[in-house]
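**Q** Sequence plus predicted model, see below.
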Amino acid sequence: MTEIIMRPSARVLLADQDDRILLFRGSDGTWFTPGGGLDPGEPVEVAAARELREETGYLVTPENLGRVVAVGAGHWRGGWDGLLYYSVESYFFLRVTGFTVDTSGFTDHERRDIGEHRWWSVADLRTTGENVVPWGLVGLLERLHAGQPPADPVRLPWHHPEFAHLAAPEPH
């Protein structure tokens, strides 16, 4: 039996003053939000603030991130190690103005696997043929940009359908 590694993560839907969100492009061509795994014992909002600082240079206190607006969960295989992971991804929404992305805090792995970043409008996301994750982002962003955050976190579809046959593991 293959060991499944639990890897909760915190991600940020970072929007600018023009209602565009920041996405990074991975080596496989997928566009994704800033964020990453929680350190052992690290609260999700602390991880989100840390990841945002490391990946974009933007400083925010965990309290200023607000609450989780969306979650997604499922299995995926690490491209760097081939291991099977199960993640519960928690998404925060944060608006910034006059911000220039600074990727100097990237890890070696991120420098190798992230080729570019770009600010995307909802119209860009709606019409692109590229893979953008999390899936279901457009409807959520429309609500968030309109100042109508969901009362409870929205459940986003998992973006690795090849692992849909696997049951969610029991948390340790």
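**A** Right, received. Where do you want to start? Numbers count the residues shown, from 1 in each chain.
**Q** Pull the distance from the helix or strand of the chain with the lowest mean pLDDT to the chain's centre.
**A** Using mean pLDDT, DSSP states H and E, the weakest-scoring helix or strand in the chain turns out to be helix 108-113, at a mean of 77. Distance of helix 108-113 from the chain centroid (C-alpha atoms, centre = their mean, to the nearest Å) equals 16 Å.
**Q** what packs against the lengthiest strand in the chain?
**A** The longest strand of the chain (DSSP state E) is strand 84-95. Secondary-structure packing of strand 84-95 (3 or more C-beta pairs under 8 Å, 6 or more residues apart in numbering; DSSP states H and E): strand 4-6, strand 9-15, strand 35-37, helix 44-56, strand 70-77. (Glycine included, C-beta is placed from N, CA and C.)
**Q** Mean neighbour count, the ones you listed: which tops it?
**A** Comparing the helices and strands packed on strand 84-95 by mean neighbour count (mean count of other C-beta atoms under 10 Å), strand 9-15 ranks first with a mean of 24.
**Q** Helix or strand next in line after that strand, which one?
**A** strand 21-26 (DSSP states H and E).
**Q** Next, the angle from that following strand to helix 44-56.
**A** 70 degrees (axes from the mean of the first three to the mean of the last three C-alpha atoms, to 10 degrees).
**Q** hmm, who's touching strand 21-26?
**A** 13-16, 31-34, 55-56, 101, 113-120, 125, 132, 137, 141 (C-beta atoms under 8 Å, 6 or more residues apart in numbering).
**Q** before we move on, the earlier item: direction included, what does the longest strand of the chain pair up with?
**A** Take DSSP bridges as the rule and strand 84-95 pairs in its sheet with strand 4-6 (parallel), strand 9-15 (parallel), strand 70-77 (antiparallel).
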